[in-house]
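**Q** prediction below, plus the sequence it came from.
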Amino acid sequence: MPARLDHTIVHSTDRFASARFLTGLLGEPGPGSFGPFATVRVANGVTIDFADSIVGRDRIVLQHLAFLVSEDEFDEIFARIGDRGLPYWGGPHHQEPQRINHRHHGRGVYVDDPDGHAIEFLTHPYVEEE
């Protein structure tokens, strides 16, 4: 069996605030809880597990999470970004402020979560499946 991602842990200053930020954009119910984690379940059973960092915000290593979504889901997510007045970018390093991109035959947008983790939503994968 090929390896499949089961979960990943993202450090945050407030695990439930970060998890609610993501579930809110995805239009999903609030996060779950498992041990010391606030959990967000995404496709294929994968969970994003947010953990309170013990080192403080200035020492959290920023991560990039990219979510492949349908065109309709992108429209819904992008509307939620606008409804919340969130800054967003067309590029991963805050290039193209308040714009989406049209790379890879699709659309993409980047937002930062409350701790500065880059959250990307895209409608077409960068690499085609074989």
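**A** Looks like it came in fine. Numbering: from 1, shown residues only.
**Q** in terms of helices and strands, where is F67?
**A** Assigned by DSSP states H and E, F67 belongs to strand 64-68.
**Q** and the contacts of that strand?
**A** Residues outside strand 64-68 that contact it (CB atoms under 8 Å, 6 or more residues apart in numbering): 8, 10, 26, 42, 48, 92, 117-125. Just so you know, the C-beta spots here come from the backbone N, C-alpha and C atoms, and that holds for glycine as well.
**Q** what mean pLDDT does it get?
**A** Averaging pLDDT along strand 64-68 yields 96.
**Q** skipping adjacent residues, who's closest to R84 in space?
**A** Distances taken as CB to CB, 6 or more residues apart in numbering put G24 closest to R84, at 7.8 Å, once the chain neighbours are dropped.
**Q** which strands and helices sit next to the helix or strand hosting the one you found?
**A** Secondary-structure assignment from DSSP H and E places G24 in helix 15-26. If you count contacts as 3 or more CB pairs under 8 Å, 6 or more residues apart in numbering; DSSP states H and E, helix 15-26 packs onto strand 37-41, strand 47-52, helix 71-83, strand 118-122.
**Q** swap in 6 Å and give it another go.
**A** Helix 15-26 sits against strand 37-41, strand 47-52, with contacts defined as 3 or more CB pairs under 6 Å, 6 or more residues apart in numbering; DSSP states H and E.
**Q** and the first one, what does it pack against?
**A** In other words, strand 37-41. The contact analysis (3+ CB pairs under 6 Å, 6+ apart) places strand 37-41 against helix 15-26, strand 47-52.
**Q** one step back: pairing partners for the strand holding F67, with directions?
**A** Note on strand 64-68: by DSSP bridges, its sheet partners are strand 118-122 (parallel).
**Q** now the partner strand: average pLDDT?
**A** pLDDT averaged over strand 118-122 gives 97.
**Q** what angle sits between that strand and helix 15-26?
**A** 20 degrees (axes from the mean of the first three to the mean of the last three CA atoms, to 10 degrees).
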